[in-house]
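>>> Quick one, what's the 3D model for this:
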Amino acid sequence: MKTPARFVIWGNTEKPAFWDVLPSLADWAADQGIGILLTTKILAEMDGKPDFPHEVLESADGFLLADFVLTLGGDGTFLSAAQAVRHRQIPILGIHLGELGFLAQVTVDDLFPRLNQVARGQYVVEQQLVLEGRVSDDTETTWIAVNDFVVSHARTHRMLSCRVYANQRLVGNYKADGMIVATPVGSTAYSLSAGGPIVEPGVESLVLTPICPHTLTSRPLVLPSRVEIAIDFPHDHRDPVDLSADGQTRREILPPQRLVISRAPFTIPFLTFEDKNYYQTLRRKMGWGRRGDREFAASRD
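Sure, this is the predicted structure:
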């Protein structure tokens, strides 16, 4: 793979660990002869005067100057970077400074060994499916989701009534706390907590998961990624419907508006490594398949 010349630092500045690691990260970049692009938010919190060489990421198109984005925080930080990068095809590498870190897979302890691999071009890029959403009467605005779109009555906690269509064919009428439309990457996030299946990222699909449905027969559904999902709501709905994308952006939907979700015309590249794999992440982060670990360990002995 390409040896990087410049990268963006995208961090959760509310975490003390971000500020702890930043000086060492700047030293590493200087030693490697690799340039740093800092966000305006990071600069503002440093009073605009970092004591190391840097350039400024002044707009979203500034990502095009970088070879990759390094996120320092958690999965939310990773997702916010993906929302900003959008279609620009800049790989994202996530460093988790918290506890779980499913998307941000690299630990702080592994940060510099992994960055040394990146500097040598020893990494792989995996393209991940992205969803695109729009409201029926707004042709100008689209949202993207790497994990999921969620519709609910988030502010009132009332039950949501909706109809879901796949390619203009009625899937069903739902009464639930909300509806999730997730990507395979997002299948291990909110959808999983709501009883949805785990979908390997290589399976090009969408997952439709009702949140606490008011019927025992309303189950999650896996659909082909080529399907266009439409969700509409009763015209006499008293409350606006809340839409969120990756938990990052929100807007209201006012019936008779409907939400239309489809596969985006672009993917988001994740930067990872040959020795990382999805099943390893499931085992380590979620305790997947641990029940038999002791028996197999004994048999190896």
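>>> what are the ranges of the strands in the stretch 51-200 of the chain?
55-57, 68-73, 92-96, 106-107, 124-128, 131-135, 143-145, 148-152, 160-166, 169-176, 178-182 (DSSP state E, counting those that start in this stretch).
>>> Now the first one: buried residues?
Of the residues in strand 55-57, those buried by neighbour count under the rule 16 or more other Cβ atoms under 10 Å are Leu57. Just so you know, the C-beta spots here come from the backbone N, C-alpha and C atoms, and that holds for glycine as well.
>>> what comes up buried for the lengthiest helix in the chain?
Counting residues, the longest helix in the chain under DSSP state H turns out to be helix 16-32. For helix 16-32, a neighbour-count test (16+ other Cβ under 10 Å) marks 17-18, 21-22, 25-26, 28-29, 32 as buried.
>>> Which one of the strands of the stretch 51-200 of the chain lies nearest to Asp239?
Closest to Asp239 of the strands of the stretch 51-200 of the chain is strand 160-166 (Cβ to Cβ; 9.1 Å).
>>> Give the partner strands of that closest one in its sheet and their orientations.
The pairing partners recorded for strand 160-166 under DSSP bridges are strand 169-176 (antiparallel), strand 229-232 (antiparallel).
>>> do you know which of those lies nearest Leu64?
Here strand 229-232 is closest among these (Cβ to Cβ), at 31.2 Å.
>>> Other residues contacting the closest one?
151, 162-166, 168, 179, 181, 206, 208, 223, 255-256, 258-262 (Cβ atoms under 8 Å, 6 or more residues apart in numbering).
>>> swap in stretch 271-280?
Taking Cβ under 8 Å, 6+ apart as the rule, stretch 271-280 contacts 68, 91-93, 105, 114, 117-118, 122-126, 200-201, 288.
>>> Let's see that with 6 Å instead.
68, 91, 93, 123-126, 200 (Cβ atoms under 6 Å, 6 or more residues apart in numbering).
>>> buried ones in it?
271-273, 278.
>>> before we move on, back to that, now tabulate the contacts of stretch 271-280 in TSV and tack on distance to Val8.
Output for the contacts of stretch 271-280, formatted as TSV (distance: Cβ to Cβ, whole Å):
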residue	distance to Val8
Phe68	8
Pro91	11
Leu93	10
Tyr123	16
Val124	19
Val125	16
Glu126	19
Glu200	29
